[in-house]
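J.: predicted structure and sequence below. I'll ask about it afterward.
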Amino acid sequence: MLAIMNRLLLTCVVLLALTSAGATERATPDEFEQWMTYYYLAPHPEEVASALETVTAMGFFENDNVQAPLSGFFTGIFRANPDKIGGWVKPYVGIPNRHILYSALWMANSEESKTALKQMAQGAAPEEAKTLRGLASSPPPTIESMNIDGPASLDYMWGYFSASGSDKPVLRIIDQMKLVNTKGNISAMLIGGAAQWSVSANARQHEKVLKIVKEKAETADPETRVLLKTILAGIDAERAKK
């Protein structure tokens with residue numbers, strides 16, 4: 001459990017590290033952190049190109065630790081703004097290993113995102129071009145059907161939430177929490193523990209997540225209800241002390 005939690009903590013640290021570049025020349029680190037973490041509350045698609053420049057400048061296209069959350073985040077952005085995808089992607093045509101973009105374009109699953117993948121394939125080396133053409137022609141999983149098999153999957157879901165504010169990724173993560181009670185399956189227990197920790201942390205940070213947790217606690221299966229009620233009790237106790 002500690003290994004997955006440490007990875008999730010590392011993801012948070014790396015995402016915060018993005019703030020050192022800022023979304024625009026005038027943005028402070030705190031402003032960029034707020035922009036990304038709470039994007040869903042006040043979307044500013046006109047700033048996405050600068051955000052991608054920041055990702056490039058900080059070397060995160062080459063950083064495996066942030067591929068999943070950033071892919072999830074930009075999936076949400078691309079789904080909400082299909083008409084802007086071509087302009088956002090154009091500067092990266094011919095630049096290899098833009099896996100965050102490849103994944104986000106594939107998962108966005110629009111005609112515009114498929115066109116962008118094909119455009120990137122035209123400027124790519126043969127092996128990478130083959131991969132991109134394959135993505136453009138194959139259907140991606142949905143948030144509801146995506147397999148959650150490790151910390152990267154959870155990271156992806158939270159990244160998508162930050163961009164979209166959608167209930168769907170949060171509910172998928174909540175559904176994994178009861179895996180913590182699995183007997184004889186360490187991998188499942190770790191995923192369940194990481195899901196529980198991340199829901200608890202984000203319910204404290206996002207009122208939207210807290211609302212989802214409260215609503216789900218009334219309808220969830222017994223195992224999940226106990227875990228959600230425990231999270232809510234902890235939050236209530238903390239707030240009572242303030």
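T.: All right, it came through fine.

J.: what's the closest non-adjacent residue to the residue nearest in space to the middle of the chain?
T.: For the chain, the residue sitting closest to the mean C-alpha position, by CA atoms, centre = their mean, is G159 at 1.7 Å. Closest residue in space to G159, ignoring its immediate chain neighbours: G72 at 2.9 Å, by CB to CB, 6 or more residues apart in numbering. All C-beta atoms are positioned from the backbone trio N, CA, C, and that covers glycine.

J.: what residues of the helix or strand containing the one you found count as buried?
T.: Element membership for G72, per DSSP states H and E: helix 67-80. Neighbour counts over helix 67-80 (16 or more other CB atoms under 10 Å) mark 67-79 as buried.

J.: could you look up the SS state of the nearest residue to P141 once chain neighbours are set aside?
T.: Excluding its sequence neighbours, the residue lying closest to P141 (CB to CB, 6+ apart) is N147, at 7.1 Å. In three-state terms, and counting by DSSP: H, G, I helix; E, B strand; the rest coil, N147 is coil.

J.: for the protein, what spans make up the helices?
T.: 2-17, 29-37, 48-57, 67-80, 85-89, 99-108, 111-122, 126-137, 151-164, 167-176, 186-205, 207-217, 222-241 (DSSP state H).

J.: need the ones you listed in a markdown table (columns: distance to I143).
T.: As requested, the helices of the chain are exported to a markdown table (distance: least, CB to CB, whole Å):
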| stretch | distance to I143 |
| --- | --- |
| helix 2-17 | 19 |
| helix 29-37 | 19 |
| helix 48-57 | 20 |
| helix 67-80 | 9 |
| helix 85-89 | 19 |
| helix 99-108 | 9 |
| helix 111-122 | 15 |
| helix 126-137 | 17 |
| helix 151-164 | 7 |
| helix 167-176 | 5 |
| helix 186-205 | 15 |
| helix 207-217 | 14 |
| helix 222-241 | 18 |
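
J.: make a markdown table from those and add mean pLDDT to it.
T.: Shown next, in a markdown table, are those (pLDDT from 0 to 100):
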| stretch | mean pLDDT |
| --- | --- |
| helix 2-17 | 39 |
| helix 29-37 | 67 |
| helix 48-57 | 89 |
| helix 67-80 | 96 |
| helix 85-89 | 97 |
| helix 99-108 | 98 |
| helix 111-122 | 97 |
| helix 126-137 | 97 |
| helix 151-164 | 96 |
| helix 167-176 | 98 |
| helix 186-205 | 96 |
| helix 207-217 | 98 |
| helix 222-241 | 97 |
